[in-house]
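[1] one predicted model, sequence on top.
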Amino acid sequence: MKTSEDLESYLVELGLPYEEVETDLWIVKDEAEQVAILVSLYGPVILIRINICNRPADEPKELYRLLLKLNATELLYGAYGLEGEHVVLVEVLSVEHTSFAMFRETLEALFMTVATQRGMIERAAGRSLQTSNQEG
């Protein structure tokens, strides 16, 4: 089984800026896309999470419909979800079966997903926020 040191060596090898914020928890940044990915080692899995945007208070069906559509058609393993006040993109990898190549490919895919889908998600969330502000 891989250890925290193994995962950190993957982060070093990636060459992306990262910071260990606590034991087994890192923030990895892709400065080109201005994306921060939270990577954590949690028992037998590596949890990867990205905040996409703030979650509108009015629970907009349009946004949720879009997230479900993207989950079904655009994401192979990860998924969009809600965490507190945020719309997030999450991915889980098996510690035991994750090689450096798989880890790198997963992060690259997540960066690409954010680059291509974040705008439409933010627009769907923003339309909801604008409508609720105009009504209030």
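    That came through fine.
[2] phi, psi of Ile50?
    In terms of degrees, to the nearest 10, the main-chain angles of Ile50 are phi -130, psi 130.
[3] which strand or helix spans the residue lying closest to it once chain neighbours are set aside?
    Excluding the flanking residues, the one nearest Ile50 by CB to CB, 6 or more residues apart in numbering is Leu89, at 4.6 Å. Glycine gets a C-beta too; all of them are placed from N, C-alpha and C. Secondary structure assignment for Leu89, by DSSP states H and E: strand 86-94.
[4] helices or strands next to the helix or strand of the chain with the lowest mean pLDDT in the packing?
    When the helices and strands of the chain are scored by mean pLDDT, DSSP states H and E, helix 100-135 comes last with a mean of 78. Helix 100-135 is packed against helix 4-14, strand 35-42, strand 45-54, helix 61-73, strand 86-94, with contacts defined by 3 or more CB pairs under 8 Å, 6 or more residues apart in numbering; DSSP states H and E.
[5] tilt between that helix and helix 4-14?
    Relative orientation of helix 100-135 versus helix 4-14 (axes from the mean of the first three to the mean of the last three CA atoms, to 10 degrees): 80 degrees.
[6] how far does helix 100-135 sit from its chain's centre?
    Chain-centre distance of helix 100-135: 9 Å, with CA atoms, centre = their mean, to the nearest Å.
[7] okay, the residue most central in space within the chain and Asp6: tell me how far apart.
    The C-alpha lying nearest the average C-alpha coordinate of the chain belongs to Ile50 (CA atoms, centre = their mean; 2.5 Å). Per CB to CB, to the nearest Å, Ile50 is found 22 Å from Asp6.
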